[in-house]
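Asks: With the input below, show me the fold.
(chains A and B)
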Amino acid sequence: MRKICYFLLAAIAAGCAAQPQKSNQSDKHDEADAVGNPIGSGTAAAPSPLAAQAFYPSTYRVPPSTPTLIRHATVLTGTGTRLDGADVLLVDGKIQAVGTGLQAPSNARMVEGRTAAGESLWVTPGLIDVHSHLGVYPSPAVEANADGNEATAPSTANVWAEHSIWPQDPGFRTALAGGITSLQILPGSANLIGGRSVVLKNVPSVTYQGMKFPGAPQGLKMACGENPKRVYGEEKHEAPSTRMGNMAGYRAQWAEAQEYLRDLEEYQQKVAAGGKDAKDAKPPKRDLRLDTLAAALKGDIIVHMHCYRADEMATVLDMSREFGYHVAAFHHAVEAYKIANLLADNGVCAAMWADWWGFKMEAYDGIPENIAFVDAAPGGCAIVHSDSEEGIQRLNQEAAKAMAYGARAGLDIPPERAIRWLTANPAKVLGILDRTGTLEPGKMADVVVWNRNPFSVYARANLVFIDGVVRYDRQDPTVAPESDFLIGQPAAAGADR
Amino acid sequence: MKAFGWMLVLMTTAVAALSSAAAEPPAGPRAAPSPRASQGHAVLIRNATVHTVTAAGTLEHADLLIHDGKIEAIGRTVTAPSGAEIIDAGGRPVTPGLFGGLGHLGLEEIGEEPTVDDYALKLGAMRPEFDVSFAFNPDSSILGVGRLGGVTFAMLAPSAEAGGKGLGGTIIAGQGSVARLNGALARTARALFIDIGGDASALSGGSRAAQFMLLQQAFTEARSPKSLLPGDLRVLTPGGRQALASYLDGRAPIVFDVDRASDIRQVIVFAQREKVRVAIKGGTEAWRVAPELAAARIPVILNPLDNLPASFDAVGATLENAARLNNTGVKIAFSLDDPQPHNIRKLRQAAGIAVAHGLAWDAALAALTRNPAEIFGVTAANGTLERGHPADLVLWSGDPLEVTTLADRVFIQGEAQPMHSRQTELRDRYLRKLRANAAR
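Replies: Numbering: from 1, shown residues only, chains lettered A, B, ... in the order given. This next block holds a predicted model:
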């Protein structure tokens, strides 16, 4: 029974949470936000739908690190290049150089990339998962911690996933052992518009602010298809109950957001013009939900859309043109292979599983060549995602399966290309490619040293660096601290996760 | 018409169950006829690495001859009859067909749709006579997908589910039997499924302590029908007593879905007191009870991927569960947690991960082949490569536990299987479009 329930958590989440959490949108909450709200606060700060972000800043600071030279390894740079017998030098938390015969500072830690048996270790950028619910649907999957779906209204663009994150989820550590250095935590898919996502660095912290990726834009989670229909139409007898109801629901929200944004911009113009108009100008009434949607329309919040069927993705692309916003990625996208060229032509990425299918009707046409097809379309952008505390531990193996099925279909994909599905491409849709996702000088030293070719069931991460700091060491499990939840538990003693 | 036919079978069975006093299992649904191996047809696989999963071990550069659907020879220089199809394996591995675990194969075409989900009884009463095999659909598109993943047999298992749109299930989920992925049922290879633990407390009045209380009463009713309580205090129907009684001789296994170490210990005690044959499913904390399980000769059917404390019953979860159990002498087999059948091909990846976390490679292959065949009583047809057995095997493109490996050829019950499925049809249809667009 647990198994089914657990699966539902991943698939629709709200279907399993027996008691949806009551909304926190009390008046008091609004007031608390208004205190720090530059809109109407009388300060000189320009009103912005994003202003509230400043009050929830990242407190993550890059700790000092020992310079590290990884030598004689097989390096996949994430830019499409493979270097054999190459070195990677990490200094002050950044990639300093990638090449051969690199000189290390005298105090550098040396990591030998060739084993005594003459086999090569492999080095890749840190892996990035664009679709995770770690912390919001944590382990153990108790109702008390099921905080991923605010399934009380079809649009809850006002909620932020980061405000639900339990940083003690043991799944962060096991994901780290799988080479995950950054991840996006999204609200679930019960709602048409689920709320804001957050990008984290996979570092241990007592607060989520201590994990927050500095400067990464927030995302907006939206959902197509069966889940919103089921949660509202079927379970609550409310709108939406159909796919056309889904569309009407999003469109009404966007229309409202356009009006809000127009009012906001008019107000800004009056203030900027000065004089009597500026004095009399009144900002629109602050609305947390419309703040998020207006920021998405402006492109300041990145739109991520859960969508399975090809026809629905095409419909959503039409809607994005109606309201003038950009969909960065379709998540799950099990039918992306049917419209690989359409997605590529629209500059939309598809974030996919390797082989999960059939668990509901809209997933019935899934094929294990999906990722390879999206990759093969000229300009295509394929991403391997997990949506699972198990899958996130081995995105490299998911990619390997896609490579194998692709090869059988005549689509040969070398490792240096496939690694982009887990590194550069997810970094791109998260808006952090300028800082991580590839091994290029100046970027964050987010690096994984693998015991072998990572596209193997036997591959394991030997070392995981985040900003140049060793956060996981297979030889020394104490480097990655265990979750508070698991310490002092008799049953956990000796369980090597 | 078809529905009517099944109804007739069900009614006949019910009547038989009511009228028969013998402790025989009720007659099951008619098994789909096993596809006949083409008479006289021969296939010689040359120069393969043959993993027999028997005492003979792995044979390098071996030939394997399939004739009239049976493995006629395995050895160094096997001569093919004239007209035989010759496959040059070029050193590629051949293994027995893989086990697909316990779950809803042919019982759940897609999730979330009641009309194609037949795996759970929610009548609100304990009905061990519930047998999901009646619902098995040999035409499910999922069978073809599983076959292409090298899976040739699986155990149909009902799920115990609370509430939902019915009155809810009980801790006795019901029975299932082994199905082959060519659509044939092995009706005699059956098992009873019982759910124990915190996740099942909603099925037993809110406490796991009641699970053993209720089981004790059910087993007593089945064992001693003469000392029954008054009707309204009984937990079983006459058919239920008969069904449960058929497991008391220890021939067919009772599978307990249970994770917490202390609950597993209770199952061991229960099995010894009732002298029934038991297997553990799940067993996330089984490694903590490994010596007791080994001594009681109770096998564990586990998911090697379980390493998170998914519940308070699984605080001791570790990726080394499989290795530790195997090293302590516990027989292990594999099954994913998810009973949905769509991705049972993933089970060999889970086996490979167990190897990456300390399990011997040969033991991992046995946990996908011989061990589940032994647990569920199908060793004559599944799980090993032996002379005289029906050819139930897979020729792989590489290491069968490796994620980049695919099945090249699959034989089930002596028959070469078509190497296409609904998924390959979809692939080929859209591959043509992709290529046409690439050339634009």
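
Asks: do stretch A:369-378 and chain B meet?
Replies: Yes. In terms of Cβ under 8 Å from any Cβ of the partner chain, part of stretch A:369-378 sits within range of chain B, namely A:Glu369, A:Phe373, A:Ala376, A:Ala377, A:Pro378. Bear in mind the C-beta positions are built from the backbone N, C-alpha and C, glycine included.

Asks: what about the residue nearest to A:Ala104 when sequence neighbours are not counted, how many residues close to it?
Replies: Taking Cβ to Cβ, 6 or more residues apart in numbering or on different chains, and ignoring the residues beside it in sequence, A:Ala104 has A:Leu69 as its nearest neighbour in space, at 3.7 Å. Taking other Cβ atoms under 10 Å in any protein chain shown as the neighbour definition, A:Leu69 ends up with a count of 21.

Asks: And what about A:Leu69, helix, strand or coil?
Replies: Counting by DSSP: H, G, I helix; E, B strand; the rest coil, the backbone at A:Leu69 sits in strand.

Asks: re the thing from before, is there a quick PyMOL command that grabs whichever of the residues of stretch A:369-378 next to chain B are buried?
Replies: Applied in PyMOL, the following selects the buried portion of the residues of stretch A:369-378 next to chain B according to 16 or more other Cβ atoms under 10 Å in any protein chain shown:
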select buried, chain A and resi 369+373+376+377
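
Asks: nearest to B:Val378, of the residues of stretch A:369-378 next to chain B?
Replies: Distance ranking of those against B:Val378, using Cβ to Cβ, places A:Glu369 first at 32.7 Å.

Asks: Now do the contacts for A:Leu220.
Replies: A:Leu220 is in contact with A:Ala157, A:Ile193, A:Gly195, A:Arg196, A:Ser197, A:Thr292, A:Leu293, A:Ala296, A:Ile301, A:Ile302, A:Val303, A:His304, counting by Cβ atoms under 8 Å, 6 or more residues apart in numbering or on different chains.

Asks: would a markdown table of these with neighbour count and secondary structure be doable?
Replies: Converted to a markdown table, the contacts of A:Leu220 look like this (neighbours: other Cβ atoms under 10 Å in any protein chain shown; DSSP: H, G, I helix; E, B strand; the rest coil):
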| residue | neighbour count | secondary structure |
| --- | --- | --- |
| A:Ala157 | 29 | coil |
| A:Ile193 | 28 | strand |
| A:Gly195 | 29 | strand |
| A:Arg196 | 25 | strand |
| A:Ser197 | 27 | strand |
| A:Thr292 | 28 | helix |
| A:Leu293 | 29 | helix |
| A:Ala296 | 27 | helix |
| A:Ile301 | 25 | coil |
| A:Ile302 | 22 | strand |
| A:Val303 | 22 | strand |
| A:His304 | 27 | strand |
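
Asks: circling back: identify the bridge partners of the residue nearest to A:Ala104.
Replies: Bridge pairing for A:Leu69 (DSSP bridges) gives the partners A:Leu89, A:Met110.

Asks: ok, now B:Trp396?
Replies: For B:Trp396, the beta-bridge partners are B:Ala407 (DSSP bridges).

Asks: Need the pLDDT of it.
Replies: pLDDT, B:Trp396: 98.

Asks: can you tell me which residues contact it?
Replies: If you count contacts by Cβ under 8 Å, 6+ apart, B:Trp396 has them with B:Arg92, B:Pro93, B:Val94, B:Thr95, B:Gly150, B:Thr405, B:Leu406, B:Ala407, B:Asp408.

Asks: Could you check how far stretch B:77-88 is from the centre of its chain?
Replies: Taking Cα atoms, centre = their mean, to the nearest Å, the mean C-alpha location of stretch B:77-88 is offset from the chain mean by 33 Å.

Asks: swap in stretch B:234-251?
Replies: Computed by Cα atoms, centre = their mean, the separation of stretch B:234-251 from the middle of its chain amounts to 22 Å.

Asks: Show me which residues of the stretch 151-300 of chain B sit near chain A.
Replies: Counting by Cβ under 8 Å from any Cβ, the stretch 151-300 of chain B sits next to chain A at B:159-162, B:195, B:197-200, B:202-203, B:260-261, B:285, B:288.
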